[in-house]
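Undergrad: predicted model and sequence below, questions to follow.
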Amino acid sequence: MMTTVAAAKELPLPAAPFLSSVMQIEPQWIDHNGHLNMAYYNVMFDRAIDEMWLLLGMGPGYVRERHGSTFTAECHVRYLREIHLGDPVRISILLLGADEKRLHTFEELRHASEGWLSATSENMTIHIDMKARKTAPFPPDIRARIEAVANAHAGLPRPEGIGRNVAMPAR
């Protein structure tokens, strides 16, 4: 059986930007307004991040074998256009920055066939030593993969919405 470290070295690095698989809206996610409930945008963003983490070598095997994982420390979601049952969606992810313990990402959820932007999510993620349940540096091999992706993403245009905060409009 291949270890997580060996498997990670053989994985291709995520694309720039990373594109998730196409996802479908599940019927139970539709709320009384007839559109995707706000909570399920986060489910889809999380599923996309899981796909990218897998390519970085931080999938379920990483937790089991190396006792490392990631937790979301902060998240800012903007809901820009309604998504409905039957709409296929795809999420792009930019790795905006990284250090020894943190990852700063920006995700865009778009209609997969028409391309329009539905929502964005900006996140700060921390690396966790699951035995101690405290923040910890990424192992060197994972850190090297993260740096390679961050460098590839650094040259991409920055989408509108990065660094936004919640506030009332100025009068």
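TA: That came through fine. These figures come from a predicted structure and were not determined experimentally.

Undergrad: what's the closest non-adjacent residue to residue 129?
TA: Distances taken as Cβ to Cβ, 6 or more residues apart in numbering put residue 136 closest to residue 129, at 3.7 Å, once the chain neighbours are dropped. Heads up, the C-betas are built off the backbone N, CA and C, glycines and all.

Undergrad: which outside residues touch whatever helix or strand residue 153 lives in?
TA: Here residue 153 sits within helix 140-154, counting by DSSP states H and E. By Cβ atoms under 8 Å, 6 or more residues apart in numbering, the residues outside helix 140-154 that reach it are 5, 8-9, 13-14, 16-18, 56-58, 62, 68, 94-98, 100, 103, 137-138.

Undergrad: quick one: contacts for the residue nearest to residue 129?
TA: Neighbours of residue 136 in contact, by Cβ under 8 Å, 6+ apart: 68, 101, 127, 128, 129.

Undergrad: neighbour-wise, give me the winner out of these.
TA: Neighbour tally across those (other Cβ atoms under 10 Å): the maximum, 23 neighbours, falls on residue 127.

Undergrad: can you give me the pLDDT of that residue?
TA: On the pLDDT scale, residue 127 is placed at 98.

Undergrad: name the SS class of it, please.
TA: Three-state assignment for residue 127 (DSSP: H, G, I helix; E, B strand; the rest coil): strand.

Undergrad: what's the answer for residue 48, then?
TA: Per three-state DSSP, the secondary structure class of residue 48 is helix.

Undergrad: from here on, count from 47
TA: Taking 47 as the first residue, the last one we looked at is residue 94.

Undergrad: since we're on it, how many residues are nearby?
TA: Number of residues near residue 94 (other Cβ under 10 Å) recorded here: 25.

Undergrad: again with residue 164
TA: 21.

Undergrad: what of residue 153?
TA: By other Cβ under 10 Å, 26 other residues sit near residue 153.

Undergrad: where does pLDDT dip in the protein?
TA: 47-55 (pLDDT under 70).

Undergrad: what residues of stretch 56-76 count as buried?
TA: For stretch 56-76, the buried set under the neighbour-count rule, 16 or more other Cβ atoms under 10 Å, comprises 60, 62, 63, 64, 65, 66, 69, 71, 75, 76.

Undergrad: export those to CSV and append columns for distance to residue 217 and secondary structure.
TA: Output for those, formatted as CSV (distance: Cβ to Cβ, whole Å; DSSP: H, G, I helix; E, B strand; the rest coil):
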residue, distance to residue 217, secondary structure
60, 43, coil
62, 40, coil
63, 36, coil
64, 39, strand
65, 40, strand
66, 39, coil
69, 40, strand
71, 37, coil
75, 37, helix
76, 36, strand
